[in-house]
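>>> Fold the stuff below for me.
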Amino acid sequence: MSFPSTEFRLLRRLMPVALLAALAGACSSSPAPTSYDLSAPTSRIRGAAGVQVLVNEPAALQTLASQQILVKDASGTVSFLGGAQWADNLPRLIQTRLINTFENASQLRGVSRPSSGAVADVQLISELRSFEIATPSGEAVVEISVKIVSDQNGRIMSGRIFRARAPVAAVDAPNATRALDEALSTVMLDIVRWVSGSPLPRREEPGDLRSEAPAKERAPT
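Numbers count the residues shown, from 1 in each chain. Alright, predicted model coming up:
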């Protein structure tokens, strides 16, 4: 009976290590995905002056709560565009751009996210329902449900669903992200118009409180 030589045993031990190194090298050589940002439109929208608003991060299903760019076919099957991603987690990115849109377009006294610790009159609670390229129609589809909630008592004051579509020239990263950005800009401006035109409560500042009139002196008897 012959036994493996020392060189053979050494080679057999090194083979798994060499294979892992080769796989790691192959993975590291693949190009990093290109990151795409979303924009915040600028407009002039009147109303709701003096009101402070907190914009919450939209709730979303797992497929939307990532940096992936979604494509949905006629059967409803979801896939992702390869080699491309959003610049941040999508709900957080939309929250930031919606805050920017309020700052660019509205006359609100202040707008921020809840983590800022700011005292607000109302909060915007939202859900990201659709943010995808629909291949049957060749369109970018954006749908966001929004509720205005009183920050003082938690009561829902109003709610609405906002939708927009934009044509897609081709299902590739540059065209898909451009169309989704266009549809989102329409939705965000509609949200700002709706909030600015709604009757919103306003916390009274100490300077806004009217001092009570002094009591009349009783006439001497």
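>>> Does the residue nearest to the spatial centre of the chain belong to a helix, a strand or coil?
Nearest to the geometric centre of the chain sits residue 94, at 2.3 Å (CA atoms, centre = their mean). Of the three states, residue 94 takes helix under DSSP: H, G, I helix; E, B strand; the rest coil.
>>> got it, and residue 91?
Here residue 91 is helix, with the state taken from three-state DSSP.
>>> who touches it in this structure?
By CB atoms under 8 Å, 6 or more residues apart in numbering, residue 91 lies in contact with 57-60, 64-65, 128. For the C-beta atoms, the positions are set from N, CA and C on the backbone; glycine is no exception.
>>> roughly how far apart are the nearest residue to residue 134 once chain neighbours are set aside and residue 179?
In space, and not counting its chain neighbours, residue 134 is closest to residue 141: 5.1 Å by CB to CB, 6 or more residues apart in numbering. Residue 141 sits 9 Å away from residue 179, going by CB to CB, to the nearest Å.
>>> list residues touching both of the two?
With CB under 8 Å, 6+ apart as the test, residue 141 and residue 179 both reach residue 133.
>>> Report the contact partners of residue 49.
Contacts of residue 49 by CB under 8 Å, 6+ apart are 107-109.
>>> ok, of those residues, which one's closest to residue 48?
Comparing the contacts of residue 49 against residue 48 with CB to CB places residue 108 closest, at 5.7 Å.
>>> in which helix or strand would I find residue 193?
In this assignment (DSSP states H and E), residue 193 forms part of helix 173-196.
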